[in-house]
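Visitor: starting from these lines, generate the structure:
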Amino acid sequence: MKFLILLAVLFITSVAQAAAPSVQAPVTSVAMEQYECFRGTCPHYVVAINSDGTAGYIGLGVAKQIGPVALHPPQSAFTRIVRELEAINFSKLQRSYASKDDGCKEVWSDQSAVTFYVTRGGKTQTVNLYYGCKLPGVSDKLAALAQLIDQVTGIAPLLGRGQ
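Guide: Numbers count the residues shown, from 1 in each chain. Take a look at the predicted model:
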């Protein structure tokens, strides 16, 4: 529920002013939910950033900071994320990479997952990656995207990963 509230708050400005849906419409919002891992040692959180520079984080579990925090990343953070989305052809990815039915070459058990939400033209594309899905050229690029989002939004101290 907290996750949905954060997304609604962060997306409302960009969605309200969005143009008619189009493949060429610019990205206006990017959010990511990182889930706890099997043994409960990985943080569960949501981080979101908008094209206008507003950003936020909600720690949901196993993180140093539980609850919402306003973020103030540099404008270059959003630009770096969008460039990475373009580089990996995010708009052409399927909705889920979690099983062999999704194309995973191997599926390892007891892994965490991450879900990305990318809004453009008033429509949100959702892509879920189960980290146990091994699909070269896809799972590795999505994992790198998650690391980039963590890095450029500066959330490591909120997770308890350094200062």
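
Visitor: pLDDT below threshold where in the chain?
Guide: For the chain, applying pLDDT under 70 flags the ranges 1-24, 162-163.

Visitor: can you give me the strands for it?
Guide: 27-34, 44-50, 55-61, 67-71, 96-97, 106-107, 113-120, 123-130, 133-134 (DSSP state E).

Visitor: so what strands line up beside the second one?
Guide: If I follow you right, that is strand 44-50. Strand 44-50 pairs in its sheet with strand 27-34 (antiparallel), strand 55-61 (antiparallel), by DSSP bridges.

Visitor: what of the fifth one?
Guide: With DSSP bridges as the criterion, the sheet partners recorded for strand 96-97 are strand 123-130 (parallel).

Visitor: need the strands of the chain in JSON lines (columns: mean neighbour count and distance to Val82).
Guide: For glycine as for every other residue, the C-beta is placed from the backbone atoms N, C-alpha and C. Output for the strands of the chain, formatted as JSON lines (neighbours: other Cβ atoms under 10 Å; distance: least, Cβ to Cβ, whole Å):
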{"stretch": "strand 27-34", "mean neighbour count": "23", "distance to Val82": "5"}
{"stretch": "strand 44-50", "mean neighbour count": "24", "distance to Val82": "10"}
{"stretch": "strand 55-61", "mean neighbour count": "20", "distance to Val82": "14"}
{"stretch": "strand 67-71", "mean neighbour count": "13", "distance to Val82": "17"}
{"stretch": "strand 96-97", "mean neighbour count": "20", "distance to Val82": "21"}
{"stretch": "strand 106-107", "mean neighbour count": "14", "distance to Val82": "30"}
{"stretch": "strand 113-120", "mean neighbour count": "21", "distance to Val82": "9"}
{"stretch": "strand 123-130", "mean neighbour count": "18", "distance to Val82": "13"}
{"stretch": "strand 133-134", "mean neighbour count": "20", "distance to Val82": "24"}
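
Visitor: how about those strands, which one is nearest Ala77?
Guide: strand 44-50 (6.3 Å; Cβ to Cβ).

Visitor: between that closest one and strand 113-120, how many degrees?
Guide: With axes from the mean of the first three to the mean of the last three Cα atoms, to 10 degrees defining the directions, strand 44-50 sits at 20 degrees from strand 113-120.

Visitor: quick one: the spatially most central residue of the chain from Asp102, how far?
Guide: Residue closest to the mean C-alpha point of the chain, counted by Cα atoms, centre = their mean, is Met32 at 2.1 Å. For Met32, the distance to Asp102 (Cβ to Cβ, to the nearest Å) stands at 19 Å.
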